[in-house]
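Participant: structure of the sequence below:
(one chain, ligands or ions: 1)
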Amino acid sequence: MKIVKTIDEVRAQVKEWRAQGLTVGLVPTMGYLHEGHASLIDASHRDNDRTVVSDFVNPMQFGPTEDLESYPRDIEHDAALVEAHGGDLIFNPEPSEMYHEGFSSFVDMTVLTQELCGLSRPVHFRGVCTVVSKLFNIVKPDRAYFGKKDAQQLAVIRHMVDDLNMDIEIIGCPIIREDDGLAKSSRNTYLNEAERKAALVLSQAISLGKDMVSNGEKNCGTIIDAMTKHINAEPLAKIDYVKIVDCATMQQIKELDRPALCAMAVYIGKTRLIDNFFTEDV
Ligand code: PAF
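Facilitator: So this is what the prediction gives:
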């Protein structure tokens, strides 16, 4: 397993693999890897001959008041995890390698980014689409792997790949949870002991919503109200949004009459956490 810092080194390695007729999977990450990322690397290792993991805290997807500076980083820990899960190459560039002086081209998207996280993080998806497009151009993978915890991101990337005719298969992988239900996230490390306990309201509300759907509830308002009430009972929690949207358009719906995504973002203290479920998975 190798760690490289430049685009040229990635391209040289992938070219060598291609010359041997090997397939390549890409797992884009911002590092500080946990079991959620490990499951993506496992999936890529299963489906492809070689796996590249990008490990880059992308400044472009953070707003001015967000946690770019404090975002956790630990390349040695990441390297051990990638190696243990069969990854072959880590691409760990400096921001200047990805965004040279005078950088001025962006990939942006309308509609799908105008709801959910796109409302409270207005520059986020432009940063994600731009960096993911660049990673796709650098690695030119056969397949790329993304977690369903960032469900809107997954929908946005699928849409971008379709709109821009990128010849890459996008694979969405299930949310990985702690034993008590909290969705794994690099941002969980920000939580103190009391906040870690309080953060359970997210997965509890998800279970509540899922139960209502499996018991036949079709009214989105009723489901959202019950989930909201549960979260609001926790003093350390502050809801950014709890919404039910059409899976394809990410626009809010009133009735569960099509495949839908129930998604939430909740502040626990200063930490913004997300969680969701797809009604089709219930
Ligand atoms: O999901 C993430 O970690 C990031 O948004 C991604 C896809 C690696 C782009 O920076």
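Participant: interface residues of the stretch 51-200 of the chain facing the ligand?
Facilitator: N58, Q61, V128, V131, V132, D150, Q153 (Cβ under 6 Å from any ligand atom). (C-beta placed from N, C-alpha, C; glycine too.)
Participant: please list only the buried members of the residues you listed.
Facilitator: N58, Q61, V128, V131, V132, D150, Q153 (16 or more other Cβ atoms under 10 Å).
Participant: and which of these is nearest the ligand?
Facilitator: When these are ranked by distance to the ligand (Cβ to the nearest ligand atom), N58 comes first, at 4.0 Å.
Participant: what's the closest residue to N48 other than its chain neighbours sitting at in phi/psi?
Facilitator: Once flanking residues are discounted, N48 sits nearest to G25: 3.6 Å by Cβ to Cβ, 6 or more residues apart in numbering. Dihedral angles of G25 (phi, psi; degrees, to the nearest 10) stand at phi -110, psi 150.
Participant: mind listing residues that contact stretch 102-111?
Facilitator: The contact list for stretch 102-111, computed with Cβ atoms under 8 Å, 6 or more residues apart in numbering, reads 125-126, 129-130, 132-133, 156, 159-160, 163-164, 249-251.
Participant: quick one: the strands in the stretch 151-282 of the chain?
Facilitator: 169-173, 237-246, 260-268, 271-278 (DSSP state E, counting those that start in this stretch).
Participant: wait, S214 sits on E280?
Facilitator: No: S214 is not in contact with E280 according to Cβ atoms under 8 Å; the separation is 11.8 Å.
Participant: one step back: you'd agree the residue nearest to N48 is up against S54?
Facilitator: No: counting by Cβ under 8 Å, G25 does not reach S54; the two are 11.6 Å apart.
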